[in-house]
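**Q** The following block contains a protein sequence and its predicted model.
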Protein chains: 2
Amino acid sequence: MNIGLDMMGGDFAPIEAVKGLALYLKEFPNNCSVFCVGQKEALLPLLEQYGLKDHPAVQTVDAPQVIGYNEHPTKALKEKPHSSISIGFHLLTTGEIDAFISAGNTGAMLVGSMYSVKAVEGVQRPAIATFVPQLNGSTSLLLDVGLNSDCKPEQLNQFAILGSLYSKHVLNIERPSVGLMNVGEEKEKGNNLALGTFPLLENNQLIRFAGNIEGRDVFAGKVDVMVCDGFTGNIILKMAESFYEIACKRGFSNDAYIQNFHYETYGGTPVLGVNKPVIIAHGISNDVAFKNMIHQAEKMIVSNFCEKIKDVFVK
Amino acid sequence: MNIGLDMMGGDFAPIEAVKGLALYLKEFPNNCSVFCVGQKEALLPLLEQYGLKDHPAVQTVDAPQVIGYNEHPTKALKEKPHSSISIGFHLLTTGEIDAFISAGNTGAMLVGSMYSVKAVEGVQRPAIATFVPQLNGSTSLLLDVGLNSDCKPEQLNQFAILGSLYSKHVLNIERPSVGLMNVGEEKEKGNNLALGTFPLLENNQLIRFAGNIEGRDVFAGKVDVMVCDGFTGNIILKMAESFYEIACKRGFSNDAYIQNFHYETYGGTPVLGVNKPVIIAHGISNDVAFKNMIHQAEKMIVSNFCEKIKDVFVK
């Protein structure tokens, strides 16, 4: 099992990626090989410093170019074929690696996911999911959080399946429940999208639909998977992040529940509905976040997550 | 100046409305007359108990019927012409009162606003607004928070005007800024609705447009008026309410910022874009909330708020 890690992505590249890799290999020395994709001259001294240069599980792949945070995704991928993100997706599509992780340019990661790895046949629109800590101690999955600003009911219905598959196979929740993000609990509440989606979810035998949920339920531990369009999901996600930031600024960061909001606990954002495991990391990812993402990629590979999607969607 | 107050609405009717009225008249004994609409036999002993029975500013209007919290709005208004909400709207349309406040059935209040008081000519869709406490100590207005689940760009453009007029004339903010709730700061970000709305706001000479805002900016004090469709706004509102509840449950309720979230501070939800001032109160409204709502109604009357809307919209 080979995992590709973009060493040049994120605000603290490459040091935090190196440190995260060291943490990961200390805890799981024999689980997989990690392909470190990045500028060799920058990487090698750091890998040596952290005792990883000759580690049997570590390989380095030179990527002399770097895609910056603000570059136009499609243009950057086209003009920088030797960037860590371009090379990572190349390794993933040729099968040399089984999953790819990056904290770099999010747009480039999404474009690479959609145009190199591609959507699973039958999946209309892949989605990105985020983890939301619940008051009862569980963690729910919210999707889509930004890939699809305008959605159709059938797409939300597919998000429900994709989220349920991730919950079941990667998060080990036996029968994940699904809630439709809406403005009321009643079936007849909502905008046209929610009204059109409700009957699809209700009749979908592949999921366990628990009905509508509301804004007040985002942290309430009501369901395992929360489904909405990417516009709504992105606003919820950023509002939840601001909730955490406000809590920290006002001195509540020691609170056990508030601590669950720390992004690093969950690893990164999986792209759901594409042919290979891709994880997009927060730009501010630190060593613990990188460690957890490598482990998350491992779980996506071991559980055959992408094959489970194909089993459902490919006719 | 006459303000109509539904005494039978809310979870603690009629006692909290009576106590709120007493608080209001203690602070502002000579500002206006309050028409107490409700079941006289229930009201009179309470008014007497709080020294309001023969108060020169207090009138009682008997309304023997009561619309329950769960009744179907249109049906209830039709079948209960002697309910406090029906009579309140009757008094408002005939001009016997200048504003109407109720903590009763929200749906009936909205139906009454739309079909008795009616939208101002030229206003495509009235909206309801909520107050959002900002980290810098200011208060922003968020609209729509639930009247219009599906919107068109021109409607959001009108919400921007309505919110700006309320900010200016009722909240006394000289040149209120307007932000469009979106998923990114850039002009080219967003769903079709946001993309269509941005140029309208940009070219709207009646408002001070400050660009897109994101979910992380809901509490950030960036703008005075936040504009979105009622689906998005309702989810934001309920999520913000849940923040407050979580903060209280986890023992942060003494925090100065968290305390600003208490609904009672702000009074009620004004219906913007209808011909007369209507305020819809939270079902759990207590005496302080009722006091603040009467004062809020007074400000809407004194500022000639509805006339300001007509000045802009009626051609």
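**A** Perfect, I can see it now. Please read all numbers here as calculations on a predicted model, not as lab measurements.

**Q** Export stretch A:27-43 to CSV, keeping only CA atoms.
**A** In CSV, the C-alpha atoms belonging to stretch A:27-43 read as follows (Å, rounded to 0.1, in the frame of the first residue of the first chain):
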residue,chain,number,x,y,z
GLU,A,27,3.0,4.9,15.5
PHE,A,28,2.5,2.7,12.4
PRO,A,29,5.9,1.7,11.1
ASN,A,30,4.8,-1.1,8.9
ASN,A,31,1.4,-0.2,7.5
CYS,A,32,2.4,1.4,4.2
SER,A,33,5.0,3.1,2.1
VAL,A,34,4.8,6.9,1.9
PHE,A,35,5.9,8.7,-1.3
CYS,A,36,7.1,12.1,-0.4
VAL,A,37,6.5,14.4,-3.4
GLY,A,38,8.4,17.6,-3.3
GLN,A,39,11.6,19.6,-4.0
LYS,A,40,14.3,17.1,-3.1
GLU,A,41,16.9,19.7,-2.1
ALA,A,42,14.5,21.1,0.5
LEU,A,43,13.2,17.7,1.6
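
**Q** contacting residues around the helix-or-strand element of chain A with minimal mean pLDDT?
**A** Using mean pLDDT, DSSP states H and E, helix A:256-259 stands out as the lowest-scoring helix or strand of chain A, at a mean of 87. Contact with helix A:256-259 is made by A:133, A:135, A:244, A:247-248, A:252-253, B:246, B:250, as judged by CB atoms under 8 Å, 6 or more residues apart in numbering or on different chains. Using the backbone N, CA and C atoms, a C-beta is placed for each residue, glycine as well.

**Q** Point out the least confident member of these, please.
**A** In terms of pLDDT, A:Ser253 ranks lowest among the contacts of helix A:256-259, with 83.

**Q** that older thread, can you flag which of the contacts of helix A:256-259 belong to helices?
**A** Of the contacts of helix A:256-259, the ones assigned to helices by DSSP state H are A:244, A:247-248, B:246.

**Q** re the thing from before, report the next helix or strand after the least confident helix or strand of chain A in sequence order.
**A** Using DSSP states H and E, the next helix or strand after helix A:256-259 towards the C-terminus is strand A:269-272.

**Q** Send over that following strand as CSV, restricted to the C-alpha atoms.
**A** C-alpha atoms of strand A:269-272 as CSV (Å, rounded to 0.1, in the frame of the first residue of the first chain):
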residue,chain,number,x,y,z
THR,A,269,-11.4,16.6,3.7
PRO,A,270,-12.0,13.5,1.6
VAL,A,271,-13.2,14.0,-2.0
LEU,A,272,-16.1,11.6,-2.3
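
**Q** Mind listing the strands that strand pairs with, and their directions?
**A** Sheet pairing of strand A:269-272 (DSSP bridges) gives strand A:127-133 (antiparallel), strand A:278-280 (antiparallel).

**Q** hmm, back to that, most surrounded residue in the ones in helices among the contacts of helix A:256-259?
**A** Highest neighbour count within these, by other CB atoms under 10 Å in any protein chain shown: A:Ala247, with 24 neighbours.

**Q** OK, contacts around that one?
**A** Applying CB under 8 Å, 6+ apart, one finds that A:Ala247 lies in contact with A:253, A:255, A:258, A:261, B:247, B:252.

**Q** Let me have those in TSV, extended by distance to A:Leu52.
**A** Formatted as TSV, the contacts of A:Ala247 follow (distance: CB to CB, whole Å):
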residue	distance to A:Leu52
A:Ser253	32
A:Asp255	36
A:Ile258	34
A:Phe261	31
B:Ala247	43
B:Phe252	42
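
**Q** got the residues of the stretch 51-200 of chain A near chain B?
**A** Residues of the stretch 51-200 of chain A that fall close to chain B, judged by CB under 8 Å from any CB of the partner chain: A:135, A:146, A:149-150, A:181, A:183, A:190-192, A:194.

**Q** Out of the strands paired with strand A:269-272, flag the one nearest B:Leu272.
**A** Closest approach to B:Leu272 among these (CB to CB): strand A:127-133, 32.2 Å.

**Q** A:Met8 and chain B, how far apart?
**A** Separation of A:Met8 from chain B (CB to the nearest CB, to the nearest Å) stands at 24 Å.

**Q** Also A:Ala103?
**A** Distance, A:Ala103 to chain B, by CB to the nearest CB: 19 Å.

**Q** hang on, isn't that residue packed against A:His282?
**A** Yes: between A:Ala103 and A:His282 there is a contact at 6.5 Å, judged by CB atoms under 8 Å.

**Q** shared neighbours of the two, anything?
**A** The contact sets of A:Ala103 and A:His282 overlap at A:10, A:268, A:289 (CB under 8 Å, 6+ apart).

**Q** got a winner among those residues for most neighbours?
**A** Using other CB under 10 Å as the neighbour criterion, A:Gly268 leads the shared contacts of A:Ala103 and A:His282 with 27 neighbours.

**Q** Correct me if wrong: that one contacts A:Lys291.
**A** No: between A:Gly268 and A:Lys291 there is no contact under CB under 8 Å: 11.4 Å.

**Q** All the strands of chain A, residue numbers only.
**A** In chain A, the strands defined using DSSP state E lie at A:2-6, A:33-38, A:58-62, A:99-102, A:127-133, A:139-143, A:177-181, A:208-213, A:225-227, A:269-272, A:278-280.

**Q** Just send those back as JSON lines, with distance to A:Glu202 too.
**A** Formatted as JSON lines, the strands of chain A follow (distance: least, CB to CB, whole Å):
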{"stretch": "strand A:2-6", "distance to A:Glu202": "39"}
{"stretch": "strand A:33-38", "distance to A:Glu202": "44"}
{"stretch": "strand A:58-62", "distance to A:Glu202": "48"}
{"stretch": "strand A:99-102", "distance to A:Glu202": "34"}
{"stretch": "strand A:127-133", "distance to A:Glu202": "20"}
{"stretch": "strand A:139-143", "distance to A:Glu202": "19"}
{"stretch": "strand A:177-181", "distance to A:Glu202": "9"}
{"stretch": "strand A:208-213", "distance to A:Glu202": "6"}
{"stretch": "strand A:225-227", "distance to A:Glu202": "13"}
{"stretch": "strand A:269-272", "distance to A:Glu202": "22"}
{"stretch": "strand A:278-280", "distance to A:Glu202": "31"}
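
**Q** Could you export those as TSV, including mean neighbour count?
**A** Output for these, formatted as TSV (neighbours: other CB atoms under 10 Å in any protein chain shown):
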stretch	mean neighbour count
strand A:2-6	27
strand A:33-38	25
strand A:58-62	18
strand A:99-102	30
strand A:127-133	24
strand A:139-143	25
strand A:177-181	24
strand A:208-213	20
strand A:225-227	31
strand A:269-272	26
strand A:278-280	26
